[in-house]
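J.: Predicted coordinates and the sequence they were generated for:
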Amino acid sequence: MASEKRELLYHSVCLEEGDCKGCTTCMRYCPTQAIRVQNGKAKIIREKCIDCGECVRRCPYHAKRVVSDNFYTLKSFKHNIALVAPAFCGQFSKVTNIDLILTGLKKIGFDDVFEVARGAEVITAKTKEILAEKNHEGPYISSACPAVVRLIAVKFPSLSDMVIPLTSPMEAAAQMARREAMEKTGLEDDEIGVFFISPCPAKVTAVKQPLALDKSSVSGVIPVKDVYMKLVHALKSVDKIEKLSVSGKDGIRWARSGGETEALGIKNYIAVDGIHNVIKMLEELEDEKLNNIEFIEALACTSGCTGGPLNVENEFVANSRIRNLTEHLEKGEAKGENLSLMWDKKVEYEPFSPLDTDINKALTKMQQLEEIYARLPQLDCGSCGSPSCRDFAEDIVRGKAQERDCIFRLREKIEVLAKEIEELGKMIKE
């Protein structure tokens, strides 16, 4: 059953093999060791991929791309709403008014707009309730970042019970947007399109195949880059700015690292960003070094959602703009009665395929793996096409690689062969 489920895994990140040069950059930066380079091309191990977008960000040849929705998808609905993430507001230079951005979105194809910051305010209020109950040992981990939730499911299953079982601000906002649109237009739910403008591929995956929800309330996901290219020109022709923004500073601050915890108003917390930093923190948590912490805000992208690989602006510049945009704003008021904010199901650990389904054979292969690993240089150079020597040993046992693929082992064999040839030459001369 598990193998059938793995075959159906959806991933928004994919490889354009024709553009791949086999440089190993993506493999070296992948946080879950989900990439191999074989026969001069990168390959993604689907069971290990969390769609964090690190390979999209790092690939110098743009061989990794994100499969998402586009503006043509809007034609499938009678009424379309743009779900605007707080990070989106930091992408535009010389824009000092969020209402200008929201008005511009209505000029490029959307019938209405809805701020995800409003969903963030609702999730903040619900999180405060859960934290106040204090019925949980150890810290809670924010569930706002779908890449981090998938990371925990894939790599840190022992921590899964610490993830706060709340839906994301995106999902909360989508529910609210649908409800308001149905009341306003009189249309049926399936006639309304709700499109999230996303800074990262993990959000695409979270909509297409939610981990903890039966179904997403979001109709589709369009990358920030795609919307930006259309909107940046439309903003120049906006004659009258509509008053559309109703979010407070707390919701909009979620765009950057530390924004969620600032909104919560708690002191005993950790805010960590950047997927590799998140892994280090989770390792410490797994080793029970952080039990005195109340809450952990973990975001896969550097600086938070402003650092998403689908954005156009430098994350530090975007953060600065968001600070300026929120300076004059008051605290938001969470209004989200009767929303489905809790998870529909528990996030379950999806283990990578075992070395063998037969336990005795699996143990034998594990012993082989350790023996091969002991022979390897253990430098983790990646030149073999695997991210580490241990991963390489596993790939050999699985039949995906050969020991001679290690350049150090190959050099040893060549040196031995050269000596044998030299000795044979001397024997012939004698």
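T.: Nice, thanks for sending it over.
J.: Contact partners for residue 405?
T.: 384, 385, 392 (Cβ atoms under 8 Å, 6 or more residues apart in numbering). C-beta coordinates here come from the backbone N, C-alpha and C atoms, glycine included.
J.: Sorry, slip of the keys, the one I care about is residue 310.
T.: Each residue near residue 310 by Cβ under 8 Å, 6+ apart is listed here: 53, 56, 66, 198, 199, 200, 201, 223, 224, 225.
J.: does it sit in a helix, a strand or a coil?
T.: For residue 310, the assignment made with DSSP: H, G, I helix; E, B strand; the rest coil gives coil.
J.: And for residue 75, the neighbour number?
T.: 10 (other Cβ atoms under 10 Å).
J.: ah, wrong one, I meant residue 240
T.: Around residue 240 there are 5 other residues, counting by other Cβ under 10 Å.
J.: remind me which residues of the stretch 201-350 of the chain are low pLDDT?
T.: Where the stretch 201-350 of the chain drops to pLDDT under 70, the residues are 332-334, 350.
J.: Would you state the helices of it in chain order?
T.: Under the criterion DSSP state H, counting those that start in this stretch, helices of the stretch 201-350 of the chain are mapped to 201-208, 224-234, 249-252, 259-264, 275-286, 315-326.
J.: Rebuild these as JSON lines, extending it with distance to residue 412.
T.: Formatted as JSON lines, those follow (distance: least, Cβ to Cβ, whole Å):
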{"stretch": "helix 201-208", "distance to residue 412": "41"}
{"stretch": "helix 224-234", "distance to residue 412": "48"}
{"stretch": "helix 249-252", "distance to residue 412": "59"}
{"stretch": "helix 259-264", "distance to residue 412": "52"}
{"stretch": "helix 275-286", "distance to residue 412": "32"}
{"stretch": "helix 315-326", "distance to residue 412": "45"}
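J.: would you list those in JSON lines and tack on distance to residue 15 and mean neighbour count?
T.: JSON lines is the format used below for these (distance: least, Cβ to Cβ, whole Å; neighbours: other Cβ atoms under 10 Å):
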{"stretch": "helix 201-208", "distance to residue 15": "13", "mean neighbour count": "27"}
{"stretch": "helix 224-234", "distance to residue 15": "19", "mean neighbour count": "17"}
{"stretch": "helix 249-252", "distance to residue 15": "35", "mean neighbour count": "26"}
{"stretch": "helix 259-264", "distance to residue 15": "33", "mean neighbour count": "24"}
{"stretch": "helix 275-286", "distance to residue 15": "19", "mean neighbour count": "18"}
{"stretch": "helix 315-326", "distance to residue 15": "25", "mean neighbour count": "19"}
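J.: With respect to residue 102, which of the contacts of residue 405 is nearest?
T.: Distance to residue 102, by Cβ to Cβ, is smallest for residue 385 among the contacts of residue 405, at 47.3 Å.
J.: since we're on residue 100, how many residues are nearby?
T.: The number of residues packed near residue 100 is 17, by other Cβ under 10 Å.
J.: before we move on, what about residue 115?
T.: Residues near residue 115, counting by other Cβ under 10 Å, number 28.
J.: Can you read off the pLDDT for it?
T.: Looking at residue 115, its pLDDT stands at 96.
J.: The residue nearest to residue 262 when sequence neighbours are not counted: what's it in contact with?
T.: Using Cβ to Cβ, 6 or more residues apart in numbering and skipping the chain neighbours, the partner closest in space to residue 262 is residue 253 (5.7 Å). Going by Cβ under 8 Å, 6+ apart, residue 253 touches 86, 259, 260, 262, 263, 322, 326.
J.: now with 7 Å?
T.: Residues near residue 253 by Cβ atoms under 7 Å, 6 or more residues apart in numbering: 259, 262, 263, 326.
J.: Also residue 295?
T.: So residue 295 contacts 131, 139, 140, 261, 264, 266, 269 (Cβ under 7 Å, 6+ apart).
J.: what do you get for residue 179?
T.: The contact partners of residue 179, by Cβ under 7 Å, 6+ apart, come to none.
J.: That one sits in which helix or strand?
T.: Using DSSP states H and E, residue 179 falls within helix 169-185.
J.: And for residue 417?
T.: Using DSSP H and E, residue 417 falls in helix 407-429.
J.: Residues contacting that helix, please?
T.: Contacts of helix 407-429 (Cβ under 7 Å, 6+ apart): 376, 377, 383, 403, 404.
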